[in-house]
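Enquirer: structure of the sequence below:
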Amino acid sequence: HSDTLTITMWSITARLLSLTLVLHITQGARASTNEDRYPSPRIVILGATGVGKSSLANVLVGRDKNYGGANFRNGCFKVSAGLDSITKKTCADQGYWLGDTSKERFTVIDTPGFGDQLLAEEKTIENLV
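Expert: Numbers count the residues shown, from 1 in each chain. Below is the predicted model:
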């Protein structure tokens with residue numbers, strides 16, 4: 001009886017491993033390419049703090065220029081009145097040119113502003129590269 005139990009357990013384990021492998025292969029087949037995640041063209045917006053990089057990015061994908069950044073972390077695509085730096089990290093979003101869904105999708109990349117502090121600027125440049 002113990003031999004039967006061992007064979008049954010081995011058979012179940014083999015089936016689970018086989019199922020795991022099939023699931024992994026299926027998921028791999030559906031894995032998105034870099035082009036799927038970040039469709040071309042890719043527009044990177046650079047500039048000093050407070051000049052309107054996030055506002056421009058929002059307009060390009062068809063959002064209001066004063067978009068509040070919902071659904072994004074680190075201040076990405078968030079617009080605020082004033083000259084304080086809001087965007088803390090480089091972030092990408094995809095959309096249609098000026099929100100026109102008859103156009104092809106593209107990627108816009110919002111970046112932190114230059115001019116806050118020298119050390120922060122060095123880190124920003126490293127992150128962009």
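
Enquirer: what bits of the chain have low per-residue confidence?
Expert: Along the chain, the parts satisfying pLDDT under 70 run over 1-32, 82-83, 116-122, 124-125, 128-129.

Enquirer: where do the helices sit along it?
Expert: Assigned by DSSP state H, the helices in the chain fall at 2-29, 34-37, 53-60, 118-128.

Enquirer: residues in contact with the shortest one: which ones?
Expert: Okay, so that is helix 34-37. Helix 34-37 has contacts (Cβ atoms under 8 Å, 6 or more residues apart in numbering) with residue 94. (C-beta placed from N, C-alpha, C; glycine too.)

Enquirer: list the contacts for residue 92?
Expert: Contacts of residue 92 were listed using Cβ under 8 Å, 6+ apart, and they are 38, 42, 107, 108, 109, 110.

Enquirer: can you do 10 Å?
Expert: Contacts for residue 92 were tallied using Cβ atoms under 10 Å, 6 or more residues apart in numbering; they are 37, 38, 42, 43, 44, 57, 76, 107, 108, 109, 110.

Enquirer: what's across from it in the sheet?
Expert: Partner residues in beta bridges with residue 92, using DSSP bridges, are residue 109.

Enquirer: give me the distance between it and residue 57.
Expert: 10 Å (Cβ to Cβ, to the nearest Å).

Enquirer: give me the distance between the nearest residue in space to residue 87 that is not next to it in sequence and residue 50.
Expert: In this structure, residue 87 finds its nearest non-sequential neighbour in residue 75, 4.6 Å apart by Cβ to Cβ, 6 or more residues apart in numbering. Residue 75 sits 13 Å away from residue 50 when distances are taken as Cβ to Cβ.

Enquirer: distance of residue 87 from residue 48?
Expert: Here the criterion is Cβ to Cβ. By it, residue 87 lies 12 Å from residue 48.

Enquirer: which residues do the two both contact?
Expert: Shared contacts of residue 87 and residue 48, counting by Cβ under 10 Å, 6+ apart, come down to residue 113.

Enquirer: and these two? Which one has more around it.
Expert: Neighbours of residue 87 and residue 48, each counted by other Cβ atoms under 10 Å, are more numerous for residue 87; the result is 25 against 13.

Enquirer: circling back: and the contacts of residue 92, which is closest to residue 70?
Expert: When these are compared for distance to residue 70 (Cβ to Cβ), residue 76 comes out closest, at 10.7 Å.
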